[in-house]
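>>> Quick one, fold the following:
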Amino acid sequence: MIQQIENVLVAWEFPTSLEEFAVSYNDIEKDPELLSAIEPLNNLFIEISPATLRIIGGKIRSNPNEFIQFAE
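Have a look, this model is predicted:
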């Protein structure tokens, strides 16, 4: 998914650093072509997020001491 996002950004000649990146959600809504390029990526994000969060949650629950400092 990251590669797909990068491909869209490169195709649209957006800046490659966050310091120079100034595109907002409102900009995407105002540009139908950009919206059509981004929308499938948003749909993919919505589709894969629950599984990704379950995997991350499982890792944290299995190894809590690597993520959380418990006070004694």
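>>> so where's the protein uncertain?
70 (pLDDT under 70).
>>> In it, which helix is the longest?
helix 32-62 (DSSP state H).
>>> tell me which residues of that helix are tucked away?
Going by neighbour count (16 or more other C-beta atoms under 10 Å), the buried part of helix 32-62 is L34, A37, I38. From N, CA and C alone the C-beta is placed, and that goes for glycine too.
>>> As a markdown table, these with distance to V23 would be great.
Conversion of the buried residues of helix 32-62 to a markdown table gives the following (distance: C-beta to C-beta, whole Å):
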| residue | distance to V23 |
| --- | --- |
| L34 | 8 |
| A37 | 12 |
| I38 | 10 |
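>>> Nearest to I2 among the residues you listed?
I2 has its nearest neighbour among the buried residues of helix 32-62 in I38, at 13.9 Å by C-beta to C-beta.
>>> Identify the residues contacting the closest one.
Neighbouring residues of I38 by C-beta atoms under 8 Å, 6 or more residues apart in numbering: V8, I28.
>>> Of the buried residues of helix 32-62, which is the nearest to V10?
Closest to V10, out of all of the buried residues of helix 32-62 and judged by C-beta to C-beta, is A37, at 11.3 Å.
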